[in-house]
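Chemist: generate a structure from the sequence data that follows.
(2 chains)
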Amino acid sequence: MTKKPIISLNDVCFQYDGQDNYALHSVTFDIYEGEWLAIVGHNGSGKSTMAKLLNGLQFPNQGKITVCGLPLTEENVWDIRKQLGMVFQNPDNQFVGTTVEDDVAFGLENMGIPREEMVLRVQDSLKKVKMEQFLYQEPHHLSGGQKQRVAIAGVLALSPSIIILDEATSMLDPRGREEVLEVVRDLKNENRLTVISITHDLEEAAKADRIIVMNKGEVYREGTPEEIFSMDEELIKLGLDIPFSVKIGKAFRQKGIDLPKHYLTEEELVTELWTSHSHK
Amino acid sequence: MMEKMIFGRYVPIPSVIHKMDPRSKLIIIFLFVAIIFLANNWITYALIALYTFFMLGLSKVPFRFLYGGLKPVIWLVLFTFLLQLFFTKGGNLVFDWGPIEIYEEGIRMGLFISLRFFFLILITSLLTLTTTPIEITDGLETLLTPLKKLRFPVHEMALMMSISLRFIPTLMQETDKIMKAQIARGVEFASGPIKERIKAVIPLLIPLFVSSFKRAEELAIAMEARGYRGGEGRTKYRQLSWRMIDTLQVGLLVILTILLIIFRS
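Modeler: Numbers count the residues shown, from 1 in each chain, chains lettered A, B, ... in the order given. Next up, the predicted model:
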């Protein structure tokens, strides 16, 4: 796969009004087309600020951001938002419509899409997130995971090239979280989407193609999940944790049982353990 | 209980009135409120009554729901009736007992005015009983569109209304949650002297307010991220359709108006 940057950040600094410290300080990295990038970091590491900068809800004090070849400026911001869909943390506070179909249509209405096309796009994107039978449902009858899937459908309806999940699964129960991530994974594969997931759930990050660790407003480390989780002690010092399977693997190693590599998912670890005897 | 107050109004049954366009319903209500003042004798009141009961019949709304709308104002109707009965003088003296004098005209005026009230309430509650709040919002938005020329923020008002409607159940759930959390901390909402009970509402309202502001801010950010920048150049997903029945209904009301003008004294 050729790595073509779809978003570039170049020496980006950002400071909230009335605060001494930089929320982001001299951040430089690229996000490549078609990848799943996880941005992790503890609270206040600047990861949510990053999301706000990427779609122009805030503008950097210094540095340059380029999205889909367009420099992010006040003039371009609405064009960029068409390319870049965002799903936020609280399922309730991003549900604008009175019913599922109205909510999915909200973004389309904003773009001035003709009604006939809207109807098709609403149905199509709800089908993609497996919510088509809830068309006329009101939000208070839906679970958190279902509401987040509707939010994703709302983003999809605009056919963006990038989706940002800003802690989109952090308020969900494990089942809702799995539902949402599965939908995003399928969509990414089918539609060549770039997914940026901002999270502190390391199980979620473990499944990404690449991880960026943020600390105190700076990029602390960047690498594949395997590289990142082999940092273990260092991660814990940053206020992050390591996935359960990596922890177990570490405990085995301390007991003198050497496992060949870091296991990022429980499945991989279990497979290694129950086949380990036959490997000898 | 609160949920019933707001949503218990709409009765979802398939009827001709339910299927009508909210615009025609709103137009009819406004006109009806105006023309009811044309009625001033028995025959015109009979026409109004006939029309009202005809509409109620078409809506198929069970009587107990209509009674629910009437109940809160029944005392007001009775009070106006008595006021007219005792203080209107004219015609023959019907009843005389010391300071209490009742004239023929008093009975007539009392009856007429309370009937007027009665029909107005029936017809207006028919609107909320057969139309969902969001339909009413859509109807109002379209009807008020001409006011945009006068810089009246029609789109913003409609959006505000629909967002409030969408958040009512959410805030209800939240109120319930906060209430339980406060009960667990020893706050008593349901018992104790009235003064204490009013005080107990404060630890309920403050968290609710704080979280509402937070919600509002997050919603605004989410809306902006989804490309919302005011009503300019926006298309609409919800569509209203004016059908034959709507034209017929408006026509019926026009006929009623003409009849009222002919028969009023």
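Chemist: neighbours of B:Leu260, how many?
Modeler: The number of residues packed near B:Leu260 is 21, by other C-beta atoms under 10 Å in any protein chain shown. Backbone N, C-alpha and C define where each C-beta goes, glycine included.
Chemist: in this structure A:Asp166 contacts A:Ser48, no?
Modeler: Yes - at 6.4 Å, A:Asp166 counts as touching A:Ser48 under the criterion of C-beta atoms under 8 Å.
Chemist: give me the secondary structure label for the residue most central in space within chain A.
Modeler: For chain A, the residue nearest the mean C-alpha position is A:Ser197 (1.3 Å; C-alpha atoms, centre = their mean). A:Ser197 falls in the strand class when you classify it by DSSP: H, G, I helix; E, B strand; the rest coil.
Chemist: ok, A:Gln137 next?
Modeler: coil.
Chemist: quick check: phi and psi on the residue nearest to it when sequence neighbours are not counted?
Modeler: With sequence-adjacent residues excluded and distances taken as C-beta to C-beta, 6 or more residues apart in numbering or on different chains, A:Gln137 is closest to A:Val100, at 5.1 Å. Dihedral pair for A:Val100: phi -60, psi -50, per degrees, to the nearest 10.
Chemist: what's the neighbour count on B:Glu217?
Modeler: B:Glu217: 11 surrounding residues under other C-beta under 10 Å.
Chemist: actually B:Tyr45, sorry about that
Modeler: A count of nearby residues for B:Tyr45, using other C-beta under 10 Å, gives 19.
Chemist: next one: the one helix or strand it maps to to chain centre, how far?
Modeler: According to DSSP states H and E, B:Tyr45 maps onto helix B:42-59. Chain-centre distance of helix B:42-59: 19 Å, with C-alpha atoms, centre = their mean, to the nearest Å.
Chemist: which other helices and strands contact that helix?
Modeler: Contacting helix B:42-59 under the criterion 3 or more C-beta pairs under 8 Å, 6 or more residues apart in numbering or on different chains; DSSP states H and E are the following elements: helix B:16-19, helix B:104-130, helix B:244-263.
Chemist: am I right that B:Pro203 is in a helix?
Modeler: Yes - counting by three-state DSSP, B:Pro203 is part of a helix.
Chemist: from B:Ser164, how far out is it?
Modeler: 24 Å (C-beta to C-beta, to the nearest Å).
Chemist: between these two, which is the more surrounded one?
Modeler: A count of neighbours by other C-beta under 10 Å puts B:Pro203 above the other of B:Pro203 and B:Ser164, at 16 against 12.
Chemist: distance check, that one against chain A.
Modeler: In this view, B:Pro203 and chain A are 22 Å apart by C-beta to the nearest C-beta, to the nearest Å.
Chemist: please name the nearest non-neighbouring residue to the residue in the stretch 151-280 of chain A positioned nearest to chain B.
Modeler: The stretch 151-280 of chain A approaches chain B most closely through A:Gly154 (6.6 Å), counting by C-beta to the nearest C-beta. Distances taken as C-beta to C-beta, 6+ apart place A:Val104 nearest to A:Gly154, at 4.8 Å, with adjacent residues excluded.
Chemist: what strand or helix carries the one you found?
Modeler: Per DSSP H and E: helix A:100-111 holds A:Val104.
Chemist: what helices and strands are in contact with that helix?
Modeler: When contacts are defined as 3+ C-beta pairs under 8 Å, 6+ apart, helix A:100-111 packs onto helix A:115-128, helix A:144-156.
Chemist: CA-only coordinates of that helix in CSV, if you can.
Modeler: Output in CSV follows, covering the C-alpha atoms of helix A:100-111 (Å, rounded to 0.1, in the frame of the first residue of the first chain):
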residue,chain,number,x,y,z
VAL,A,100,-33.7,8.5,13.7
GLU,A,101,-34.4,9.5,10.1
ASP,A,102,-34.6,13.2,10.9
ASP,A,103,-31.2,13.0,12.6
VAL,A,104,-29.5,11.3,9.7
ALA,A,105,-31.0,13.9,7.4
PHE,A,106,-29.7,16.8,9.5
GLY,A,107,-26.3,17.0,7.8
LEU,A,108,-27.9,16.5,4.4
GLU,A,109,-30.3,19.4,5.0
ASN,A,110,-27.3,21.6,6.0
MET,A,111,-25.7,20.8,2.6
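Chemist: off-centre distance for that helix?
Modeler: On C-alpha atoms, centre = their mean, the centre of helix A:100-111 falls 22 Å from that of its chain.
Chemist: how about the residue nearest to A:Gln137, what does it touch?
Modeler: By C-beta atoms under 8 Å, 6 or more residues apart in numbering or on different chains, A:Val100 lies in contact with A:126, A:131, A:134-137, A:139, A:142, A:150.
Chemist: re earlier: and the angle for the helix holding B:Tyr45 with helix B:244-263?
Modeler: Counting by axes from the mean of the first three to the mean of the last three C-alpha atoms, to 10 degrees, helix B:42-59 points 170 degrees away from the direction of helix B:244-263.
Chemist: quick one: end-to-end distance for stretch A:133-146.
Modeler: Stretch A:133-146 has an end-to-end distance of 12 Å (criterion: C-alpha to C-alpha, to the nearest Å).
Chemist: please apply the same query to stretch B:237-246.
Modeler: From start residue to end residue, stretch B:237-246 stretches across 21 Å - C-alpha to C-alpha.
Chemist: buried residues, that stretch. List them.
Modeler: By neighbour count on 16 or more other C-beta atoms under 10 Å in any protein chain shown, the buried set for stretch B:237-246 is B:237-238, B:240, B:246.
Chemist: any idea of the mean pLDDT in that stretch?
Modeler: Averaging pLDDT along stretch B:237-246 gives 91.
Chemist: which residue comes closest to B:Glu104 once chain neighbours are left out?
Modeler: B:Gly91 (3.2 Å).
Chemist: measure B:Ile27 to B:Leu165 for me?
Modeler: Distance, B:Ile27 to B:Leu165, by C-beta to C-beta: 22 Å.
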